[in-house]
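One predicted model, sequence on top.
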Amino acid sequence: MSNSPDWVDFDHQHIWHPYAAVPGNAPIYPVIEASGAEIRLADGRWLVDGMASWWSVIHGYRHPVLDAALKSQVDRFSHVMFGGLTHEPAARLARKLVEITPEGLDKVFLADSGSVSVEVALKMAIQCWDGRGQPQKKKFLTVRHGYHGDTFGAMSVCDPANGMHSLFSGFLSEQYFAPAPTLCSHPDDGSDLELFRQRLRTHHNEIAAVILEPIVQGAGGMRIYRPTYLQGVARLCREFDVLLILDEIATGFGRTGELFACHHAGVTPDILCLGKALTGGYMTLAATLVSDAIATDICRSEAGALMHGPTFMANPLACTTALASIELLLSQDWKLRVQQMEARLKAELARCRTLAIVADVRVIGSIGVVELRGTELPPGIQQALVDQGVWIRPFRNLVYIMPPYVIRNEQLSVLTEAIHQVLSQYG
């Protein structure tokens, strides 16, 4: 790939980037290589990657095991349709997912992306209740500050204030929202759970399911809440006879210190969504898992089958790479590594608390978050971080990192030092 400015200029003028205008009005940094926990820019600079490419590249870039898995499948076939056909990579991956996820999630839908896995979960919940003879249950309850994706169904259960609801009002489905759970760093008087109970008591006859990100709310605010809240929500779902969907797209595969974040609370959902790190960041792939009982009820619905089927469903390249990624993770002491990262993040980000611009510092597993005062980032912060030799992409008033697990301790310290140095410039 050329590092000449020609393709970069074309990109700037013609290609959309996430949540960006065309032509682009924000700097973009051309990448020509990546290895381990670093990415190399066209100007020759290597940046320590604090984002793991939006939390997915847990084993780092160009891992030989994942490279080999991908190449081995290319030599057989890269894709076949999943309608009426099947293949070993899909079956082996599904078997592994059933083995490692909470007991009782025995049916697997392999989707294209995290947003699609959420769409599938919502469809599953609605069709389940149709099969149970309660077709009026078509609404969903969730909490504020959540994020579940940008497709319309997923977007409808994102935070209504920062989740683009006003822009698409009149078309976007209206759901029910409860206040966000109290942060771990704040006193908890139980009122958040009581307000959740009130929503269910009032609307449970029309609610198909509750959907939550367990323990960590990601793109909606990088908020870390108590396992007891999730346990309480699970109890309320049983009490009011609604399903529980847990969105582990960002938190799955060890990111919070447990293989899945719901393990912190000992909660098994009715429906589970996975994505991001599923393939180690190599390919787009997601999965939605559900219990046998719910699968049976879905097939009793009017349609008689789950009504979804993407063209690239169960892509063999992605399935092969995902299985290799999971087996690689489980072959190592990943939990010790994430615990080590957590300890280092807590120790090294703590000094940010003394800065006037900082409102809060919070860490869980390999997630480190520095929340700034106010609602916006200081101007020029992205460039300032790049100038420090790191790739960190802040949003709203949050500077956070979720690095690859393979990051070396000295590289992790480069990230935390860069955050402290840059924020020190702003007060």
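Looks like it arrived, so ask away. Numbering: from 1, shown residues only.

Could you list the low-pLDDT ranges of this protein?
1-5, 163 (pLDDT under 70).

Need the three-state assignment for the most centrally placed residue in it.
Centroid-nearest residue in the chain: residue 250, 2.1 Å away (criterion: CA atoms, centre = their mean). Each residue gets one of three states, and residue 250 gets coil by DSSP: H, G, I helix; E, B strand; the rest coil.

Determine the longest helix present in this structure.
helix 114-131 (DSSP state H).

Show me what that helix is packed against.
strand 105-111, helix 152-156, strand 207-212, strand 243-247, strand 271-274, strand 286-291, helix 292-299 (3 or more CB pairs under 8 Å, 6 or more residues apart in numbering; DSSP states H and E). Quick note: C-beta positions are derived from backbone N, CA and C, even for glycine.

okay if I get these as TSV plus mean neighbour count and distance to residue 140?
TSV is the format used below for these (neighbours: other CB atoms under 10 Å; distance: least, CB to CB, whole Å):
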stretch	mean neighbour count	distance to residue 140
strand 105-111	22	18
helix 152-156	20	7
strand 207-212	27	6
strand 243-247	27	8
strand 271-274	28	11
strand 286-291	26	15
helix 292-299	17	15
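
What ranges does the stretch 301-427 of the chain have for its strands?
358-364, 367-372, 390-391, 398-401 (DSSP state E, counting those that start in this stretch).

could you dump those strands to TSV with distance to residue 209?
TSV is the format used below for the strands of the stretch 301-427 of the chain (distance: least, CB to CB, whole Å):
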stretch	distance to residue 209
strand 358-364	25
strand 367-372	26
strand 390-391	36
strand 398-401	28
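
Ok, which of those strands comes nearest residue 190?
Ranking these by proximity to residue 190 (CB to CB) places strand 358-364 first, at 20.8 Å.

sorry, back to before: what's the spacing between the residue nearest to the centre of the chain and residue 11?
From residue 250 across to residue 11, the span is 27 Å (CB to CB, to the nearest Å).

one step back: now do the contacts for the residue nearest to the centre of the chain.
Contact analysis of residue 250 by CB atoms under 8 Å, 6 or more residues apart in numbering lists 55, 213, 216, 218-219, 276.

quick one: which of these has the most company?
Neighbour tally across the contacts of residue 250 (other CB atoms under 10 Å): the maximum, 28 neighbours, falls on residue 276.

Hmm, residue 56 and that one touching each other?
Yes: using CB atoms under 8 Å, residue 276 is in contact with residue 56, at 4.3 Å.

count of neighbours near residue 10?
Residue 10: 10 neighbours (other CB under 10 Å).

would it count as being in a strand?
No: counting by three-state DSSP, residue 10 is located in no strand; its state is helix.

contacting residues around it?
Neighbour list for residue 10: empty [criterion: CB under 8 Å, 6+ apart].

cool, residue 141 as well?
175-178, 196, 199-200, 203, 207, 209-211, 242.

Run through the residues that contact the closest residue to it other than its chain neighbours.
In space, residue 141 comes closest to residue 176 once its chain neighbours are excluded; the distance is 4.4 Å by CB to CB, 6 or more residues apart in numbering. Residue 176 sits next to 139-142, 199, 203, 207 when contact means CB under 8 Å, 6+ apart.

rerun at 7 Å
139, 141, 199, 203, 207 (CB atoms under 7 Å, 6 or more residues apart in numbering).

okay if I get those as TSV plus distance to residue 334 and secondary structure?
What follows is these, written out as TSV (distance: CB to CB, whole Å; DSSP: H, G, I helix; E, B strand; the rest coil):
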residue	distance to residue 334	secondary structure
139	38	strand
141	33	strand
199	37	helix
203	40	helix
207	36	strand
